[in-house]
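Trainee: Structure here, sequence nowhere to be found:
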């Protein structure tokens, strides 16, 4: 399994994000419980977030991310997915 760093860049304002955030966080919690999400959280002072995932490949992860309530609501203006090779730390190979 590969490790991926995903960045979300939001187009919605804070009030819109707050409306969907509970379902977004429940979805993330479910992914964490299943072992595919490793870490996630908003960036400080920018309308974006960083998420670390474990997935078989980019296509599998992309399909999964399409199910995120923030994405379904149209709140993610840009999403980048980059395979990451953690050399040190809890997710190193």
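Mentor: Nice, thanks for sending it over. Because the structure is a prediction, the values reported are computed rather than measured.
Trainee: Could you identify the longest helix within the protein?
Mentor: helix 14-34 (DSSP state H).
Trainee: how about that helix: buried residues?
Mentor: For helix 14-34, the neighbour count (16 or more other CB atoms under 10 Å) marks 17, 20, 24, 27, 28, 31 as buried. Where C-beta positions appear, they are placed from N, C-alpha and C, glycine not excepted.
Trainee: ok, now stretch 68-82?
Mentor: Result for stretch 68-82 [16+ other CB under 10 Å]: buried residues 68, 69, 70, 75, 76, 79, 81.
Trainee: measure it end to end?
Mentor: 18 Å (CA to CA, to the nearest Å).
Trainee: circling back: make a markdown table out of the buried residues of helix 14-34 and add pLDDT and distance to residue 62.
Mentor: Supplementary listing: those in a markdown table, determined by pLDDT from 0 to 100; distance: CB to CB, whole Å:
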| residue | pLDDT | distance to residue 62 |
| --- | --- | --- |
| 17 | 96 | 22 |
| 20 | 98 | 20 |
| 24 | 98 | 17 |
| 27 | 98 | 15 |
| 28 | 98 | 16 |
| 31 | 98 | 14 |
